[in-house]
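> predicted model and sequence below, questions to follow.
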Amino acid sequence: MPALHNTPSPPLLRLRSVRTIPTMYETFEHTADVGIRVRADDLDALFVDAARALFSIIVENPDAVAPKQQLTLSVHADDREELLHNWLAELLYIFHTQRLVLTEFHVDVHPPVLTATVRGEPIDVSRHLLDAEVKAV
């Protein structure tokens, strides 16, 4: 698999800040505000890394989030692309409605279904530096 820095960016996209961790994701500016690009060795890892990328946009210091609270999720879709969208939309819904920042993601992807256990904690503004507001996937 080629390294991220060898991958050309699509036209009309400027890299905002590349926050790369060994799990292979990056964020970039996009006409729709911000985008994420994820690469992984398997489908489960791809969905985990996409979730990490989403929360790296929301929380500037994701390492400060403790896995204190656990939720079990099930997401359905007609195809992989829609499943990824629905997964990220569900995580964003949890963030907005339950005010939880998530840090650990364990997924089992078997399209058309994804089951997951996620862990995180309620937002604590004294410890969690909220970065960008993500309104939609």
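Nice, I can see it.
> and the residue nearest the centre of the chain, how far is that from Asp78?
In the chain, the C-alpha closest to the average C-alpha coordinate belongs to Ala51, at a distance of 2.3 Å (Cα atoms, centre = their mean). Here the criterion is Cβ to Cβ, to the nearest Å. By it, Ala51 lies 21 Å from Asp78. All C-beta spots, glycine's among them, are computed from the backbone N, C-alpha and C.
> ok, now Asn86?
10 Å.
> do the same with Glu90
From Glu90 to Asp78 the distance is 16 Å (Cβ to Cβ).
> contacting residues for His106?
Residues counted as contacts of His106 (Cβ atoms under 8 Å, 6 or more residues apart in numbering) are 48, 116-118.
> bridging residues for it?
Here His106 shows beta-bridge partners Thr117, assigned using DSSP bridges.
> any idea how far Arg119 is from it?
8 Å.
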